[in-house]
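Enquirer: Starting from these lines, generate the structure:
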Amino acid sequence: MHNQDVYDLTIIGGGPAGLYAAFYAGMREMKVKLIEGKDELGGFLLTYVDKTIWDVGGLPPMRCAKLIEHLVDQAGTFEPKVVLKQTVDTFNHLHDGVIALHTDTGDSHYTRTVIVAIGRGVAEVQKLDIHSAQDYERSNLHYTIQNLDYFAGKKVLISGGGNSAVDWALELAEQACSVTLVHRQDSFRAMEHNVSQMKKKVDVRTPCYIERFYGNGQRIHQVGITDSATGETIRLDVDEVIVSHGYTSHVSNLARCGLDMQEGMLVMNQLAETSVPGIFTAGDCATREGKVRLIAGAFNDAIVAVNSAKRFLEPNAAGMAYVSSHNELFREKNRAL
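Expert: Next up, the predicted model:
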């Protein structure tokens, strides 16, 4: 193994936390590698590329696909090494303090510190468990939305009560013929303001759930909706059905290699340290008291994790990078702009 093969920091995961960590580690003059299991960067954001994101500080509302583009461009500022289509399964410490990361392709990567930023792991959509549902997945039963224009002028039914369901309802209310949202509970797991706006624009029915589909095996024409309180079932005419019941996550084997976990997430402290020296964590895969599960929170985790990794390598290093307006690394880049 040659010294040039050893990185100061290897980031596992190419979502918001991992991408921002790659950028910020460049600000700290670290030699960085980023490993992502999928064939593209973006992490969980790739599951709703056409959704509008409102809550990233300082940025105007934008489609998720555009936010991913900005994050990827920013992450490449200091030219980290990016490895796609490899999943880190195991790691071990070598005698010289180097950590060896082993992937599902049989490759090994060598690094002095690691940030685990695998987000929700491998996310699988929670599908509707009713008779004949899978028969309509190729026609008008949807578990995500890639193109809002497809639903223009149509009668749309949405099932779900989380942020995604409410956001889709608000988006589609502007262009669909009609939008009906059903949810098993009267309360919603979404931002209060968005719920209030949705109730003004959308036919909201709670506590209700989808009982069955009526169609010809190719397309759904009607949906049977049951009121949980009364047991009454009614039929609604539909053109398209969207089910947004969340995702089941399968965390990477890496999370079980001696790292302390709690409820399926890596335990981190205030310095983003895990239970294994030299291994740090950031984003949705991690948990601690006061953890913020927003994209903005992932950015903060990334900064803390990078700073801790830097201090792990150089105990006398500054606690954080200079802000970009004072960072020498940006002088040339500023002139280019």
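
Enquirer: Spell out the residue ranges of the helices in the stretch 1-150 of the chain.
Expert: 16-27, 64-75 (DSSP state H, counting those that start in this stretch).

Enquirer: show me what contacts the closest residue to Ser178 other than its chain neighbours?
Expert: Spatial nearest neighbour of Ser178, excluding adjacent residues (C-beta to C-beta, 6 or more residues apart in numbering): Lys155 at 5.0 Å. Placement of C-beta: from N, CA and C, glycine included. Lys155 makes contact with 176-178, 180, 237-240 under the criterion C-beta atoms under 8 Å, 6 or more residues apart in numbering.

Enquirer: which of these count as buried?
Expert: Buried members of the contacts of Lys155, scored by 16 or more other C-beta atoms under 10 Å, are 176, 178, 180, 238-240.

Enquirer: in the stretch 51-200 of the chain, what spans have low per-residue confidence?
Expert: In the predicted model, the stretch 51-200 of the chain carries pLDDT under 70 at residues 121-123.

Enquirer: Strands of that one, start to end?
Expert: Taking DSSP state E, counting those that start in this stretch as the test, the strands found in the stretch 51-200 of the chain are 52-53, 62-63, 81-84, 88-93, 99-103, 108-116, 122-125, 141-142, 155-159, 178-182.

Enquirer: Distance of Asn300 relative to Ala21?
Expert: Distance, Asn300 to Ala21, by C-beta to C-beta, to the nearest Å: 11 Å.

Enquirer: Go ahead and flag the most central residue of the protein.
Expert: Nearest residue to the geometric centre of the chain (C-alpha atoms, centre = their mean): Phe44, 2.9 Å.

Enquirer: Give me the pLDDT value at that one.
Expert: For Phe44, the model assigns a pLDDT of 88.

Enquirer: Asp284 is in contact with that one, correct?
Expert: Yes - the criterion here is C-beta atoms under 8 Å, and Phe44 meets it with Asp284 at 7.2 Å.

Enquirer: Give me the common contacts of those two.
Expert: By C-beta under 8 Å, 6+ apart, the residues touching both Phe44 and Asp284 are 15, 119-120.

Enquirer: Help me confirm that Phe151 comes into contact with Ala176.
Expert: Yes - Phe151 lies in contact with Ala176 (C-beta under 8 Å); the separation is 5.1 Å.

Enquirer: tell me, what's touching those two both at once?
Expert: Common neighbours of Phe151 and Ala176 (C-beta under 8 Å, 6+ apart) do not exist.

Enquirer: For stretch 269-284, buried residues please.
Expert: By 16+ other C-beta under 10 Å, the buried positions in stretch 269-284 come out as 272-274, 276, 278-284.

Enquirer: My error: substitute stretch 184-203 in the last question.
Expert: Within stretch 184-203, the residues scored as buried using 16+ other C-beta under 10 Å are 188, 190, 194-195, 198, 202.

Enquirer: Might you calculate how far that stretch sits from the centre of the chain?
Expert: Relative to its chain's centre, stretch 184-203 lies at 22 Å (C-alpha atoms, centre = their mean, to the nearest Å).

Enquirer: contact partners of that stretch?
Expert: With C-beta under 8 Å, 6+ apart, stretch 184-203 has contacts from 161-163, 165-167, 169-170, 173, 178-181, 204, 206-209, 228.

Enquirer: Quick one, which of those residues are buried?
Expert: 161, 163, 165-167, 169-170, 173, 178-181, 204, 206-209.

Enquirer: Please narrow the residues you listed to those residing in helices.
Expert: 163, 165-167, 169-170, 173 (DSSP state H).

Enquirer: which residues touch the closest residue in space to Gln74 that isn't next to it in sequence?
Expert: Closest residue in space to Gln74, ignoring its immediate chain neighbours: Phe23 at 5.0 Å, by C-beta to C-beta, 6+ apart. By C-beta under 8 Å, 6+ apart, the contact list for Phe23 reads 74-75, 77-78.
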